[in-house]
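>>> just the structure for this:
(one chain, ligands or ions: 1)
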Amino acid sequence: MLGPLGPIGFALLTGRLVALDSQPIAGVRLIVEWGGQSVLAAADTLPVDSTGRFGGLIRDIAADSVWLVIDAAASSRYDAARIAVGKARLSEEMRVLLVPKRWTIRRGKFAGAQVPIDPSAALRRVPGYGAFARVSARHIVGWMPGSFPIPVVLRHDGPRITTADSIAFWDAARDVDSALGGHFFVPWTDTAMYGRIFPVDVRIDRRIPGAALTFATWDANGNIFEGTIRFHGSREMQIPGVVEHELMHVLGFGHTNAWISAMQTSSVDVRDVTETDVAYAQLLMAVHEWQQDSLVVGGLIEATARPETLPPKDVPSHFPLYEITASVAPRERHPRLGDSPDRR
Ligand SMILES: [Zn+2]
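Prediction:
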């Protein structure tokens, strides 16, 4: 916005820090470094109120971008972060996500548990498998909030899905709902587009090489709009850990070896969704939901590098191109259960 001062008009930088855990904000300042990469550039420290609001004057600068630095005291509930913002973006209201150091699970069967959070663990790649948090054009991948529960169709036009398979599948789906504390999956019968998404399609397919295979497809903003699960056979469809793992893929989560997880890649580690999985999943779903708001300029990816330990040039302001252009997730392959883990 421009002031009514004619040639000496000024512009205001305004915005809000958004605590992903919805708690009051304390121990956090916002520093604006005006010189882009220059270490000699001016910096302003803007106070932040308990609702996260900040504001200050926009300086007249030559650089194309500035750094917004979340300066968090050691005692703060939140992580520090360092976010590059283009000069042209400054006159519009900005929202910056604050990542809590611990996630308190507020819903579901693990409600009340507190789990330490490390954004870099969520983004750490398992070689050959990607990371738990998937990123598309700096958006965390997930379903649009209004998509839940996602309609899921068990297809009967291929190899037979028995009543026992169906019961086992839906028991596991309810366990994922109960772990995550929501209603994410609902039985469906037709495959026609529903709202802005397609129902998830589940089949038995003996041609697949592993225990199960899930595809999810998302748009440029990281919104998933279709998914499909293939199980090798009834045996795999009746193992809760296999079904829970595939349903977590459907929700948009990839593999991790960073914590004890249903999403580990080893076939000897088949297990149900864990407390830590739930904490990271709830955090990432909150980030995805906030990222529907175009005023959000960042927070999670940028919280992975402590500003005091990395010079600005080492902090990526964009993800690699293949992440931006890949609209179709790579296949999630799983070895046949019983395969030796060294074959992976
Ligand atoms: Zn998998």
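>>> where do the helices of this protein begin and end?
119-123, 163-180, 234-237, 240-250, 275-290, 321-325 (DSSP state H).
>>> dump these into JSON lines; add mean pLDDT as well.
As requested, the helices of the chain are exported to JSON lines (pLDDT from 0 to 100):
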{"stretch": "helix 119-123", "mean pLDDT": "92"}
{"stretch": "helix 163-180", "mean pLDDT": "98"}
{"stretch": "helix 234-237", "mean pLDDT": "95"}
{"stretch": "helix 240-250", "mean pLDDT": "96"}
{"stretch": "helix 275-290", "mean pLDDT": "97"}
{"stretch": "helix 321-325", "mean pLDDT": "28"}
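>>> can you give the domain ranges for the protein?
1-98, 103-283+325-343 (automatic domain parsing).
>>> could I get the ones you listed as TSV with mean neighbour count and distance to residue 302?
(Each C-beta comes from the backbone N, C-alpha and C, glycine too.) Formatted as TSV, the domains of the chain follow (neighbours: other CB atoms under 10 Å; distance: least, CB to CB, whole Å):
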stretch	mean neighbour count	distance to residue 302
domain 1-98	16	4
domain 103-283+325-343	18	9
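>>> sketch out the low-pLDDT regions of this structure for me.
Along the chain, the parts satisfying pLDDT under 70 run over 1-9, 36-40, 304-344.
>>> recalculate using a threshold of 50.
1-3, 5-6, 306-330, 337-344 (pLDDT under 50).
>>> next one: the closest residue to residue 279 other than its chain neighbours relative to residue 76, how far apart?
Spatial nearest neighbour of residue 279, chain neighbours left out: residue 115 (3.5 Å); criterion: CB to CB, 6 or more residues apart in numbering. Noted for residue 115: a distance of 18 Å to residue 76, by CB to CB, to the nearest Å.
>>> would you mind measuring from residue 114 to residue 278?
12 Å.
>>> overlap of the contact sets of those two?
residue 105 (CB atoms under 8 Å, 6 or more residues apart in numbering).
>>> TSV for the domains of the chain, including distance to residue 294?
TSV is the format used below for the domains of the chain (distance: least, CB to CB, whole Å):
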stretch	distance to residue 294
domain 1-98	9
domain 103-283+325-343	9
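>>> nearest to residue 297, out of those?
For those, distance to residue 297 was read as CB to CB. The smallest value, 5.0 Å, belongs to domain 1-98.
>>> can you give me how far that closest one is from the chain middle?
23 Å (CA atoms, centre = their mean, to the nearest Å).
>>> ok, now stretch 196-208?
On the basis of CA atoms, centre = their mean, stretch 196-208 sits 23 Å off its chain's mean C-alpha point.
>>> residues contacting that stretch, please?
With CB under 8 Å, 6+ apart as the test, stretch 196-208 has contacts from 143-144, 147, 150-155, 158-161, 165, 169, 185, 188, 190-192, 213, 224-234, 237, 250.
>>> quick one: end-to-end length of that stretch, please.
Terminal residues of stretch 196-208 lie 29 Å apart, using CA to CA, to the nearest Å.
>>> also stretch 287-297?
Start-to-end, stretch 287-297 (CA to CA) is 12 Å.
>>> not counting it itself, show me its contacts.
The contact list for stretch 287-297 (CB under 8 Å, 6+ apart) reads 15, 18, 20, 68, 83, 85, 89, 92-97, 139-145, 221-222, 252, 299-300.
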